[in-house]
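> Sequence first, predicted model second:
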Amino acid sequence: MLETSIHPLDLPLFSDDLDRLQLVLEAVCLDRGLDYRSLEAERLGALIIQLYRQGVKEDAKLLALARAYL
């Protein structure tokens, strides 16, 4: 069996992952009246990616946590 030193947080995000995360970001931005290209939205997007990489894979949970951030 091969052993690897790749940490799960270092694995790439695929286009399906990014599409899902984009929808979450856009939903929260719409709720909060943010331009999804703003600096605040960029920070929110980074948080959503971080949560996803830490194992929060359900859209409803990502939405709830992202909404709580703002």
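Okay, I see it.
> pLDDT score assigned to Val24?
Note for Val24: predicted pLDDT of 97.
> How many residues are close by it?
The local packing of Val24 (other Cβ atoms under 10 Å) involves 23 other residues. Every C-beta, even on glycine, is put in place using the N, C-alpha and C of the backbone.
> Quick one: the helices in the protein, in order.
15-32, 39-53, 59-69 (DSSP state H).
> quick one: buried residues of stretch 38-52?
By 16 or more other Cβ atoms under 10 Å, the buried positions in stretch 38-52 come out as Ala41, Leu44, Gly45, Leu47, Ile48, Ile49, Leu51, Tyr52.
> what do you get for stretch 16-27?
In stretch 16-27, the ones that count as buried by 16+ other Cβ under 10 Å are Arg20, Leu21, Val24, Leu25, Ala27.
> gap between the closest residue to Val24 other than its chain neighbours and Tyr69?
Spatial nearest neighbour of Val24, excluding adjacent residues (Cβ to Cβ, 6 or more residues apart in numbering): Leu62 at 4.8 Å. According to Cβ to Cβ, to the nearest Å, Leu62 stands 11 Å off from Tyr69.
> okay, the two: which has more neighbours?
Leu62 (23 against 12).
> per-residue pLDDT, that one?
Looking at Leu62, its pLDDT reads 97.
> That one touches Tyr52, doesn't it?
Yes - here Leu62 lies in contact with Tyr52, judged by Cβ atoms under 8 Å, at a distance of 6.6 Å.
> list residues touching both of the two?
Here Leu62 and Tyr52 have Leu21 as joint contacts, going by Cβ atoms under 8 Å, 6 or more residues apart in numbering.
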